[in-house]
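[1] just to be clear, the model below is a prediction. Sequence and coordinates:
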Amino acid sequence: MKLSQLALALDCAVHGDGDIEISGVSGMEQAGPAHLTFLSNPKYAPKVKHTRAAAILVTEPLSNLPISCVVSKNPYLDFARALELFYQPPRPASGIHPMASIAPGSLIGEGASIGAFVSIAEDVVIGRNAVMHPHVVIYAGARIGDDFLAHSHSVVREFCRIGNRVVLQNGVVVGGDGFGFAKRADGSHRKIVQSGVTVIEDDVEIQSLTAVDRATVGETRIRRGAKIDNLVQIGHACEVGEDNIVCAQVGLAGSTTLERNVLLAGQVGSSGHLTVHENAIVYAQSGIGGDVPAGGRISGSPAFAANEWLRAITAFQKLPEILKTVRELKKKLEGK
């Protein structure tokens, strides 16, 4: 594809040679002489002069370098769009594999592709154009919308509800039992029946080996557009808000509420029954022990305001020296 054609498809402008043939897209350091790359973070600008790419997506033309530029308002987003022009994951052919097991009372919409060893229980309803790879399991009573994509070994438990265009990567469990036990007088534990459901709204993607537990009563809900990374634990009766980003190894204790546009970086943990309000960012390895205000930026464990945490962690490294100084001052005062 010529660079000019690629730019037209992205609704961007070319500065430089539009007749260059582009065969793919790649990161700046890996790109070859027929690739398109991108620059979205100014701190990586010095790397541009070392790239072998034929062209680069940028917010403004690079007049001092001999590389064709595709000017974009959002280079990272347009890089993602360009990638789709060159690569689409293979889609299995429509049809139901003879080794799939589908209960007679379940309804599967037109255009579905159901792989070998998929198991769909009684009273399940799935919309149009579903793709279920081998070994997907859907329990009884589940309701799933259109354009569902479930990779191998993902599971949707009984009575859970899933919207349209939802993606479950390998090993996801939607609606597993919440972790609920009542202690008896003798110290043993009685399991509390998890009678609620898990609800996944439209345009959600949940990545590999993540668990979204069902509620004890009521529901656990993942709202529209949320993206949840690998190895995440969403406890019972949690709510993950619209367009949230929840990174790898996050753990949410029961009844945690995340409002819209919240970002939790890797290995964040929350205690239960709290709210992280909209547009908040919680940095990696933070422990959330209470509500986080709208637009807040917090760090640390226990987590507090990120700017204060940065000052505190700087002081923390100097504590031995500070302690030594305090002891010396104390000796001097005692000697007077």
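    Happy to help now that I have it.
[2] could you list the low-pLDDT ranges of this protein?
    Along the chain, segments meeting pLDDT under 70 span 336.
[3] can you check which helix is longest in it?
    Counting residues, the longest helix in the chain under DSSP state H turns out to be helix 319-335.
[4] and it, what does it pack onto?
    Contact analysis of helix 319-335 by 3 or more C-beta pairs under 8 Å, 6 or more residues apart in numbering; DSSP states H and E lists no helix or strand as a packing neighbour. Glycine gets a C-beta too; all of them are placed from N, C-alpha and C.
[5] separation between Gly225 and Asn244?
    Distance, Gly225 to Asn244, by C-beta to C-beta, to the nearest Å: 8 Å.
[6] and those two? which has more neighbours close in?
    Asn244 (23 against 18; other C-beta atoms under 10 Å).
[7] give the contact list for that one.
    223, 226-228, 258, 260-264 (C-beta atoms under 8 Å, 6 or more residues apart in numbering).
[8] also Arg157?
    The contact partners of Arg157, by C-beta under 8 Å, 6+ apart, come to 139, 142, 173-176, 198, 214.
[9] in strands, which of those fall?
    173-174, 198 (DSSP state E).
[10] could you identify which of those residues has the most neighbours?
    In these, the most neighbours by other C-beta under 10 Å go to Val174, 31 neighbours.
[11] that one reaches Leu168, doesn't it?
    Yes - contact between Val174 and Leu168 holds when scored by C-beta atoms under 8 Å: they sit 6.9 Å apart.
[12] where do the contact lists of these two overlap?
    154, 156, 206.
[13] OK, contacts around the last one?
    By C-beta under 8 Å, 6+ apart, the contact list for Ile206 reads 166-169, 172, 174, 200, 212, 222, 228, 232.
[14] for the stretch 51-200 of the chain, what spans make up the helices?
    Assigned by DSSP state H, counting those that start in this stretch, the helices in the stretch 51-200 of the chain fall at 75-86.
[15] and for Ser188, the neighbour number?
    Using other C-beta under 10 Å: Ser188 sits among 9 other residues.
[16] same thing with Ala280?
    The burial count for Ala280: 22, using other C-beta under 10 Å.
[17] now it: how far from Glu308?
    Distance from Ala280 to Glu308, by C-beta to C-beta: 15 Å.
[18] now do Asp177
    Taking C-beta to C-beta as the measure, Asp177 falls 39 Å from Glu308.
[19] higher neighbour count, the two?
    More crowded of Asp177 and Glu308, by other C-beta under 10 Å: Asp177, with 16 against 12.
[20] I'd say that one and Asp213 touch.
    Yes - counting by C-beta under 8 Å, Asp177 does reach Asp213; the two are 6.6 Å apart.
[21] now do the shared contacts for those two.
    Common neighbours of Asp177 and Asp213 (C-beta under 8 Å, 6+ apart) are Gln194.
[22] how many other residues sit next to the residue lying closest to Arg81 once chain neighbours are set aside?
    Excluding its sequence neighbours, the residue lying closest to Arg81 (C-beta to C-beta, 6 or more residues apart in numbering) is Leu10, at 5.8 Å. Neighbourhood size, Leu10 [other C-beta under 10 Å]: 18.
[23] what do you get for Val25?
    24.
[24] for it, phi and psi?
    Torsion angles at Val25 (phi, psi; degrees, to the nearest 10) stand at phi -130, psi 150.
[25] does it really touch Arg81, like I thought?
    No - at 9.8 Å, Val25 does not count as touching Arg81 under the criterion of C-beta under 8 Å.
[26] just the helices in the stretch 201-336 of the chain please.
    306-316, 319-335.
[27] quick one: the longest one to helix 306-316, angle?
    Angle between the axes of helix 319-335 and helix 306-316 is 60 degrees (criterion: axes from the mean of the first three to the mean of the last three C-alpha atoms, to 10 degrees).
[28] how far does helix 319-335 sit from the chain's center?
    Relative to the chain's own centre, helix 319-335 is displaced by 49 Å; criterion: C-alpha atoms, centre = their mean, to the nearest Å.
[29] do the same with the first one
    Its chain's C-alpha centre lies 28 Å from the corresponding centre of helix 306-316 when counted by C-alpha atoms, centre = their mean.
[30] contacting residues around the nearest residue to His273 once chain neighbours are set aside?
    Nearest residue to His273 in three dimensions, chain neighbours excluded: Ser255, at 4.6 Å (C-beta to C-beta, 6+ apart). Shown in contact with Ser255 (C-beta under 8 Å, 6+ apart): 235-238, 272-273.
[31] buried ones among the residues you listed?
    Taking 16 or more other C-beta atoms under 10 Å as the criterion, what is buried in the contacts of Ser255 is 235-238.
[32] out of those, which is nearest to Lys331?
    Closest approach between those and Lys331, by C-beta to C-beta: Gly235, at 51.9 Å.
[33] how many residues are close by Ala54?
    Ala54, neighbours per other C-beta under 10 Å, totals 21.
[34] am I right that it is in contact with Ala34?
    Yes - applying C-beta under 8 Å, one finds Ala54 in contact with Ala34, separated by 5.7 Å.
[35] pull up the overlap in contacts between the two.
    Joint contacts of Ala54 and Ala34 (C-beta under 8 Å, 6+ apart) are 20-22.
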